[in-house]
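Student: Based on what follows, work out the 3D shape:
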Amino acid sequence: MGQLQPADFEHTLEAALQEMGAGPQLPVVICGMAGSAQGWVEAPYVDLPASTAALAAQAVRVKTAQRPVYIIPGICQSPEIAADVIRGEETLLLGLSLLETIDGLVCLPGTHSKWARVRGQVIEAFHTAMTGEVYALLSSSSTLSHFMNHPITDLSENAAFRSAVAEALAAPEKILQALFSVRAIPLLATDAAERDMPARLSGLLIGLEIASQNPPRSSQVTLVANGHLADAYQSAFDVAGIDYHTFDAEALACAGLFEMARQIMPDVFSKPESEQI
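Tutor: Numbering: from 1, shown residues only. Presented below is the predicted three-dimensional model:
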């Protein structure tokens, strides 16, 4: 969204579909920031609690597009509860609800990590943690950036990461002091310590995020992630003593988008498979 003007979206979409070999009548369902006020066409937020049917009913058709294009709305939480918004993750949560009966917390890590309380196919509440963005800002634009030159390797068994998670969980109120240690430790220790600082920073922030949610240790958190994010959060949950079940984010996005297409365009999907577009 940040790289496109509203007039650019259709050309970008059509170029991608042409590369995929998609026909000119193929319908398209889109989730995420294309539906924001700065995106292609605004798809206004749906209030909580939000169901699958409510999201499908308020999907917005892009009237200027040459083909059928629908954008799924995001979800908002009122300031009376805790002002918050989601765009894109609602589709992952929908895909999850189709594959698994959910009644509890779902964690969706990322630049802006989302923690949602889901019951069946209804999203009841959620909170956002700016974990990924804060990591990016601190590692690139702060006094800590001088010690962020070493790549983060696998965090599943990284001692510096796991120690930092435990530290943040034990004393989240001391996070500002702990963050400065990312600068102080390599100044007072060996070169080997500096290599651990990216993992330490990541562990402190992810540990703080988990502490802020205060999930009951007896409950299970459903983790929606893949790749290095899945490794990091699984390791952090292990440190926290939290049980979890992991689902691949890309697979859930596909499942959620397809279910939205079924609900938005029932006439298309009610046809025999051989006649579907």
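
Student: drop to CA atoms for contacts and neighbour counts, all remaining ones
Tutor: Noted.

Student: For burial, what's the neighbour tally of Phe258?
Tutor: Phe258: 16 surrounding residues under other Cα atoms under 10 Å.

Student: Against Leu204, how distant is it?
Tutor: For Phe258, the distance to Leu204 equals 37 Å [Cα to Cα, to the nearest Å].

Student: try Met20
Tutor: 42 Å.

Student: neighbour count winner among those two?
Tutor: Higher neighbour count among Met20 and Leu204: Leu204, with 28 against 9, using other Cα under 10 Å.

Student: The more buried one is in what secondary structure piece?
Tutor: Element membership of Leu204, judged by DSSP states H and E, is helix 197-213.

Student: Could you give the average pLDDT over the helix or strand following that helix?
Tutor: Moving toward the C-terminus from helix 197-213, the next helix or strand (DSSP H and E) is strand 220-224. Averaging pLDDT along strand 220-224 yields 93.

Student: just stretch 187-198 next, same as before
Tutor: For stretch 187-198, mean pLDDT rounds to 80.

Student: Ok, stretch 233-252 next?
Tutor: The average pLDDT for stretch 233-252 rounds to 94.

Student: distance between that stretch and the chain's centre?
Tutor: Centroid separation between stretch 233-252 and its chain, computed with Cα atoms, centre = their mean, to the nearest Å, is 13 Å.

Student: what do you get for stretch 159-168?
Tutor: That offset, for stretch 159-168, works out to 23 Å (Cα atoms, centre = their mean).

Student: What residues sit buried inside it?
Tutor: Ala160, Phe161, Arg162, Ser163, Ala164, Val165, Ala166, Glu167, Ala168 (16 or more other Cα atoms under 10 Å).

Student: between the host helix or strand of the second one and helix 197-213, how big is the angle?
Tutor: Under the criterion of DSSP H and E, Phe161 resides in helix 159-170. Per axes from the mean of the first three to the mean of the last three Cα atoms, to 10 degrees, the angle that helix 159-170 makes with helix 197-213 is 30 degrees.

Student: Which residue ranges make up each domain of the chain?
Tutor: Here the domain parsing of the chain from automatic domain parsing is 6-101+250-275, 131-241.

Student: Looking at these, which is nearest to Gly110?
Tutor: Gly110 lies closest to domain 131-241 among the domains of the chain, at 5.8 Å (Cα to Cα).

Student: Figure out the length between the terminal residues of the closest one.
Tutor: For domain 131-241, the first-to-last residue distance is 20 Å (Cα to Cα).
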